[in-house]
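1. Provided below for reference: sequence and predicted model.
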Amino acid sequence: MTAIDLNSDLGESYGAWRMGEDETMLGIVSSANVACGFHAGDPAGIWKTVKAAAGKGVSIGAHVSYPDRVGFGRRDLDVTSGELIADVIYQIGALKGMAASAGVAVGYVKPHGALYNRIAHDPLQGQAVIDAIKAIDPSLVLMGLANAPILKLAQASGLKTVAEAFADRAYTPDGQLVSRREQGAVLHDTQLIARRMLQLARQGTLEAIDGSTITIDAQSICVHGDSPGAVAIAQEIRRAFEADGISVRSFLTA
């Protein structure tokens, strides 16, 4: 692999509450998953993030969520398909308006938190998200967990997809993310993380939490914007890639 996308969750501040270092991160990543207001983010902050991303040539994606501000979108909700379709259309539409005002377009959709994890293996909610994307803009790309069934389901429904891996998360031996409730689920050592991502980009493999080697076919790597030391992690990954001749470039421009 000579190029790979680096993405981060941005635009998640709300009022006086600050989340992440968006301006700095936008100088490192190639794609920005911008909050759409359901788990985090307010209109002024979202618009600011969109304009900043546009100014730096960073691709913009809709980071859609369950309606769960209190839980930061990390609580699983058993919503109906109709409700989920409407919620996703609403969020994408809002971000599309923000992007249009900045002279750019939304290029992809990445579900957030519990919704992301749920649809990875739940075909009912997964299809609802797919149907929502197709209803508002079938040219949008769905970003999902590498090796998860949601990617094949989306492709069978006519959507383009991009598979992602998580830089700052540990993996189980079967290729799933280790639950945040478990010790060791979130990684913090910047050099270790960079080495892991370099292995992923070059060999398509990672070391699981039990020490076994797993195959991960991913075209994008996520650094969570709300993780402690997120900027340092992203900087070290980019430095390691560039030192090894791998460019950081949005999958939308590949």
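-> Now that the structure is in, tell me what you want to look at.
2. from here on, contacts and neighbour counts on C-alpha atoms
-> Will do.
3. buried sites along the helix ranked longest in the chain?
-> Using DSSP state H to define each element, the chain has its longest helix at helix 81-101. For helix 81-101, a neighbour-count test (16 or more other Cα atoms under 10 Å) marks 81, 84-85, 87-96, 98-99 as buried.
4. With stretch 66-86 instead?
-> Buried, per 16+ other Cα under 10 Å, within stretch 66-86: Y66, P67, D68, F72, G73, R74, S81, L84, I85.
5. What of stretch 45-59?
-> Within stretch 45-59, the residues scored as buried using 16+ other Cα under 10 Å are G45, I46, W47, K48, T49, V50, K51, A52, A53, A54, V58, S59.
6. And stretch 139-159, by the same measure?
-> 140-151, 153-154, 159.
7. With stretch 177-185 instead?
-> For stretch 177-185, a neighbour-count test (16+ other Cα under 10 Å) marks L177, V178, A185 as buried.
8. SS state for A32?
-> strand (DSSP: H, G, I helix; E, B strand; the rest coil).
9. surely it meets A53?
-> Yes - with contact defined as Cα atoms under 8 Å, A32 reaches A53; the gap is 7.2 Å.
10. between those two, what contacts are shared?
-> Here A32 and A53 have L26, S59, I60 as joint contacts, going by Cα atoms under 8 Å, 6 or more residues apart in numbering.
11. Just the pLDDT for the residue nearest to the second one when sequence neighbours are not counted.
-> The shortest distance from S59 to any non-neighbouring residue, by Cα to Cα, 6 or more residues apart in numbering, is to S31 (4.5 Å). Here the pLDDT value assigned to S31 is 98.
12. Could you count how many residues lie near S31?
-> By other Cα atoms under 10 Å, the residues close to S31 number 29.
13. Tell me the bridge partners for it.
-> Beta-bridge pairing for S31 (DSSP bridges): N7, S59.
14. Please name the residues that touch it.
-> Per Cα under 8 Å, 6+ apart, neighbours of S31: D5, L6, N7, S8, V58, S59, I60, G61, S250.
15. Name the SS class of the last one, please.
-> Which is S250. The three-state assignment at S250 reads coil, by three-state DSSP.
16. Break down the stretch 101-250 of the chain into its helices, ranges please.
-> Using DSSP state H, counting those that start in this stretch, the helices of the stretch 101-250 of the chain run over residues 113-121, 123-136, 149-156, 190-203, 230-243.
17. and the second one, how far from the chain's centre?
-> Relative to the chain's own centre, helix 123-136 is displaced by 17 Å; criterion: Cα atoms, centre = their mean, to the nearest Å.
18. The first one now?
-> For helix 113-121, the separation from the chain centroid amounts to 12 Å (computed by Cα atoms, centre = their mean).
19. Poorly predicted segments of this protein, please.
-> Regions of the chain meeting the criterion pLDDT under 70 cover residues 254.
20. Just list the residues touching the nearest residue to D122 once chain neighbours are set aside, thanks.
-> Leaving out its chain neighbours, the residue that sits closest to D122 by Cα to Cα, 6+ apart is I150, at 7.8 Å. By Cα under 8 Å, 6+ apart, I150 lies in contact with I119, A120, H121, D122, P123, G126, G144.
21. next one: H112
-> Going by Cα under 8 Å, 6+ apart, H112 touches H63, V64, S65, Y66, G73, R74.
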